[in-house]
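S.K.: I would like to see how this sequence folds:
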Amino acid sequence: MGDKSVQKKRYIVETARRVFMEKGFKKVTMKDIVEACDISRGGLYLYFENTSQIFAEVLKLETEEADDVFSGSIAEDATAVDILLLFLKEQKKEILRRKDTLTQAIYEYYFEHNLPKRDNILKKQFDSAAKVIEKLIETGVDNGEFICDDCAGTARNIMFVLEGLKISAQTTGITSDVVDQELMYILRGIGADD
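M.R.: Okay, the predicted model is just below:
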């Protein structure tokens, strides 16, 4: 693909992301994306066959951007506690964000598509984040910042708590104080609540 094609495809994905945020996954049609992008139907089909293909690209873009935001915020001399606090702060923002979020679309997509584990971007993101947190906790334990006997289990538990908070925020609604309480519980669990 030439530069112009790459730019056009990215434009479609970025525009489609806004459509998915507004409508979820199930209600979005190729026509919606054609109209939002102000391109011809053939122009869209040149790059994508269906909304599922587009949404998979949207998920990849989301992952790249989230990784960039987080890694760009870490100071060179940051401790394991500093990094974990930054991660949890970013997660809190994501949890409490009611608009401009793909949460509904993501769950609709995964309920509709029974993807094998190797193709499941959400599973890959979860596992990758859990692995990073595990290594972070191990580093904190080695440095005397954390106390933890099962770093892998604790990391998975943190990810499950965060995922549950995201769902609760979108379905039943939760306050900033509730999120803070749950995050403090996580920090107390590894001895980092000082």
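S.K.: contacting residues for the residue nearest to the spatial centre of the chain?
M.R.: For the chain, the residue sitting closest to the mean C-alpha position, by Cα atoms, centre = their mean, is residue 63 at 6.1 Å. Contacts for residue 63 were tallied using Cβ atoms under 8 Å, 6 or more residues apart in numbering; they are 121, 125. Heads up, the C-betas are built off the backbone N, CA and C, glycines and all.
S.K.: switch to numbering from 777
M.R.: Let's use 777 as the start, then, which means that last one is residue 839.
S.K.: Next, give phi and psi for it.
M.R.: The phi/psi pair for residue 839 (degrees, to the nearest 10) reads phi -60, psi -50.
S.K.: what separates it from residue 806, distance-wise?
M.R.: Plainly put, residue 839 is 23 Å away from residue 806 if you go by Cβ to Cβ, to the nearest Å.
S.K.: residues near residue 881, how many?
M.R.: Number of residues near residue 881 (other Cβ atoms under 10 Å) recorded here: 23.
S.K.: For the helix or strand where it lies, output the C-alpha coordinates as PDB.
M.R.: Taking DSSP states H and E as the criterion, residue 881 maps to helix 879-888. In PDB, the C-alpha atoms belonging to helix 879-888 read as follows (Å, rounded to 0.1, in the frame of the first residue of the first chain):
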ATOM      1  CA  THR A 879     -16.600  -0.300  25.900                       C
ATOM      2  CA  GLN A 880     -20.200  -1.100  24.700                       C
ATOM      3  CA  ALA A 881     -19.000  -1.800  21.100                       C
ATOM      4  CA  ILE A 882     -16.200  -4.000  22.400                       C
ATOM      5  CA  TYR A 883     -18.500  -6.200  24.400                       C
ATOM      6  CA  GLU A 884     -21.100  -6.400  21.600                       C
ATOM      7  CA  TYR A 885     -18.300  -7.400  19.100                       C
ATOM      8  CA  TYR A 886     -17.000 -10.200  21.400                       C
ATOM      9  CA  PHE A 887     -20.500 -11.500  22.200                       C
ATOM     10  CA  GLU A 888     -21.200 -11.700  18.500                       C
END
